[in-house]
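Asker: I would like the atomic coordinates for the input below:
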Amino acid sequence: MILRQFNTENRRLRIWKNRCVAAFVATSLLCINSGCKEEFESTSPSTLSQTEVFDATPLALQALNGVYVRLSSGNLYGKKLSYYLSLNSDTECISGDTDNGRRAIARYVATPYNTELKSVWESIYIAIREANNFIEGVNGSKLLTSANDDRATILGYKGEALTIRALLYYELVRSWGDVPFILDANSDYTSKTNRKEILDHILNDITEAIEWLPATSTTPSRISKDAARSLGARIALYRAGFHMTDDHKSAPSDRNDYIEKAKNWCKEVIDNGHYSLESDYEQIFRKIMSYQNSDEIIFEIAMSKGNSGELGYFVGKKHADGSPYGSSECGVLVPTSHYHKYNHFDVRRDVSLSVTQYDGSGKEKVVSPNNISIGKFRREWLNPVITGKQKYSGVDLPVIRYADVLLMYAESVTELEHTATSEAKEALKEVRKRAFVGAPDSVLTVALDKYIANIRSYEEMTNVIRDERAFEFTAEMIRKFDLKRWGVLQQTLDSCKSDLRKILVSEAPFNDIPDKLVWYVDDDNEHVKIATTDNYRFDPTFDFTRTVKTTKWKTAITEDFINRICEAIEETPYDLPVPEE
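Answerer: Numbering: from 1, shown residues only. Below is the predicted model:
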């Protein structure tokens, strides 16, 4: 079993730790060898003891860079942890036929012998051990007694490592529940620790980290005070959720304590004013795909072009071989029902989702409803363009945005007050109004002003916030874990299947969906124009006199696609199985 391997791995790490250049230089060298981003580059002397590393801030920074670099691994945020374990939900699902790998994980039928699961599990614990080694190194540093800026600097580095370790344990808990909890490099823990105890500990770590972290960072791929607060708020809301109880149908008795913590952290981030919403929703993702920073991104995982990061390849629109933008796999799809739940004028739909793909000649074509893909991370937005079959775009993975802080704040206030408050409505409205930029005044009145004003009860506000999170964060791998903490994973997956079948028979609220999509390739000989996707809002520039193509739509949804949303025979398992050999 993998649990037995903890002892072997721990012994190996203790030997490693006590050798020259010990636990960190080896990982820091990854930066050099893999072309890591500039902020994580380092040079590593080969004859230093661990004590010497932590008695000099430049060397300690190199060691910290090694901890960060580990996160970009393909087994972690480079691909598997961020996507395989975050699917399926009612807003995203994995593509392809079920196997004993990533698709079994996403479709809730993974076994303990799933090799993809094993690689993620082991890589998380290796990264945790590196963070543990770093934290121990700082705790033994003579710089802690220094009277100059070195003390604040080394403690700031410790705050970053504490937050990274907290993030990794949060990932373990939200996927596996109770897991082994290892806090130092010399421990050989093989038994599981209760999930609430783990989250309580890492929330305390984040509280400590906030004390030492810098108020701001030069890049969103380094953790600042507000990044720790934002991640802490997300973890606190999970600690307050239904996944903390054995039946997943009731909330923990101390729920409000953690909601209060989340609310306060969100409020601090909002009041500090370091972040703001992009005025144009599309620009968030165009900037991400152009390797630019956005004022909305609070924390992201740094990737390395040519070595890590598959945004635009595994996640994004399909590009066939020969496309001038390079080819892509398109491993994540979107249930048709989610596409048709967006308001017709909500700009987030056509940014977040795509009903087209590129053929080998560089032209778009409309896909079937079983192949709606992720639009946020489309390969044609990469700037500069990466041609050929290179899958490692090096695009940084966004972990948390300011919009999430606003919606977590609205949710926390609503839960604590148990009613629809003006404070929560204002935070909700700030996010929602951007979705309707450019809409006619008559639409704004209904979709924004009246929509917000008509929220009167706790139940209505709760449902609206949950819907808004689905529309705002499609393909950002948040939804599945939102559903778990709300205790509605099973019923939401069941409802998704039911909605897809309603589309097939034109049952409300899906009775305005066309049988076919009518389209043509526009005059630029690349992009398509579609007459309508909903029989409600037609493209006023569509030229019906042109020769058109049609793609079967409503009735093309297949039972295979519906059933693959969740293949668990009985109740959907909340926790993944612990890997075994």
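
Asker: all helices for the stretch 451-581 of the chain, in order.
Answerer: 451-453, 458-472, 479-486, 489-504, 559-563 (DSSP state H, counting those that start in this stretch).

Asker: Just name the most buried of the ones you listed.
Answerer: Mean neighbour count, computed with mean count of other Cβ atoms under 10 Å, is highest for helix 479-486 among the helices of the stretch 451-581 of the chain, reaching a mean of 22. All C-beta atoms are positioned from the backbone trio N, CA, C, and that covers glycine.

Asker: Measure how whichever helix in the chain runs longest sits relative to helix 479-486, angle-wise.
Answerer: For the chain, the longest helix by residue count, based on DSSP state H, is helix 149-176. Compare the direction of helix 149-176 with that of helix 479-486 by axes from the mean of the first three to the mean of the last three Cα atoms, to 10 degrees and you get 80 degrees.

Asker: Quick one: list the elements packing against helix 149-176.
Answerer: helix 57-71, helix 115-139, helix 195-212, helix 225-239 (3 or more Cβ pairs under 8 Å, 6 or more residues apart in numbering; DSSP states H and E).

Asker: which strands and helices sit next to the second one?
Answerer: Going back to what we said before, that points to helix 115-139. Contact partners of helix 115-139 among helices and strands, from 3+ Cβ pairs under 8 Å, 6+ apart: helix 2-18, helix 22-34, helix 50-54, helix 57-71, helix 80-83, helix 102-106, helix 149-176.

Asker: what's the answer for the third one, then?
Answerer: Packing contacts for helix 195-212, counted by 3+ Cβ pairs under 8 Å, 6+ apart, involve helix 149-176, helix 225-239.

Asker: out of the helices and strands packed on helix 149-176, deepest packed?
Answerer: Among these, highest average neighbours (mean count of other Cβ under 10 Å) belong to helix 225-239, with a mean of 26.

Asker: who does it touch, helix- and strand-wise?
Answerer: The criterion is 3+ Cβ pairs under 8 Å, 6+ apart, and the helices and strands that helix 225-239 contacts are helix 149-176, helix 195-212, helix 255-272, strand 297-301, strand 397-401, helix 402-417, helix 479-486.

Asker: In CSV: the ones you listed, plus mean pLDDT.
Answerer: As requested, the helices and strands packed on helix 225-239 are arranged in CSV below (pLDDT from 0 to 100):
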stretch, mean pLDDT
helix 149-176, 98
helix 195-212, 98
helix 255-272, 98
strand 297-301, 98
strand 397-401, 98
helix 402-417, 98
helix 479-486, 98
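
Asker: Redo those as TSV? Include distance to His319.
Answerer: Converted to TSV, the helices and strands packed on helix 225-239 look like this (distance: least, Cβ to Cβ, whole Å):
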stretch	distance to His319
helix 149-176	30
helix 195-212	40
helix 255-272	37
strand 297-301	24
strand 397-401	20
helix 402-417	28
helix 479-486	25
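
Asker: Would you map out the domains in this structure?
Answerer: Under automatic domain parsing, the residue ranges defining each domain of the chain are 1-182+553-581, 400-504.
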